[in-house]
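>>> I'll drop the sequence and a predicted model, then ask my questions.
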Amino acid sequence: MNKNEAFAITKYVRISPRKARLAAGLIRKKRVKEAILQLNFCNLKGGRLLKKTLKSAIANAENNLSLRVEDLVVTEVRVDDGPTMKRAKSKCRGGRVPVLKRSSHFKVTVGTVKKEAQE
């Protein structure tokens, strides 16, 4: 991570990582304004949760690094596995089936893109 990057982490989010990664794929490598707009109209629970983390990362970039929002790009979105709560559901004839309640850890990194010299 370089000097021009800020990040935010949200841990123990009660959503399956596989479902959250669907929303994460929508905002990778996009400008911050576009990413928020995309998540506003995304009809997924993961989109609502990722938007909170993204807004926190933007606030960190503004307040801690004095970066302008117009220059920010989503450089990295990670959705990692959190702890799994193991439960059981009763079935017929005394049986039981395991139920795995998965959780996730989000990490959203925003930063400025280096402008390449035009030749």
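Happy to help now that I have it. Numbers count the residues shown, from 1 in each chain.
>>> Helix or strand: which one has L49?
Element membership for L49, per DSSP states H and E: helix 45-65.
>>> Identify each buried residue in that helix, please.
Residues G46, G47, L49, L50, K51, T53, L54, S56, A57, I58, N60, A61 are the ones in helix 45-65 that count as buried (16 or more other C-beta atoms under 10 Å). (Each C-beta comes from the backbone N, C-alpha and C, glycine too.)
>>> Contacts for that helix, please.
With C-beta atoms under 8 Å, 6 or more residues apart in numbering as the test, helix 45-65 has contacts from 3-10, 13, 15, 19-24, 26-27, 32, 35-36, 39-40, 42, 67-69, 72, 74, 77, 79, 106-111.
>>> what sits against T10?
T10 makes contact with L49, K52, T53, S56, H105, F106, according to C-beta under 8 Å, 6+ apart.
>>> Make sure it is indeed in a strand.
Yes - remark: T10 belongs to a strand, assigned using DSSP: H, G, I helix; E, B strand; the rest coil.
>>> thinking again about what came up before, mind checking which of the contacts of helix 45-65 land in helices?
Those of the contacts of helix 45-65 mapping onto helices are 19-24, 26-27, 32, 35-36, 39-40, per DSSP state H.
>>> Now do the same contact list for the residue lying closest to A61 once chain neighbours are set aside.
In this structure, A61 finds its nearest non-sequential neighbour in A6, 3.7 Å apart by C-beta to C-beta, 6 or more residues apart in numbering. Under the criterion of C-beta under 8 Å, 6+ apart, the neighbours of A6 are A57, I58, N60, A61, N64, L65, L67, T109, V110, G111.
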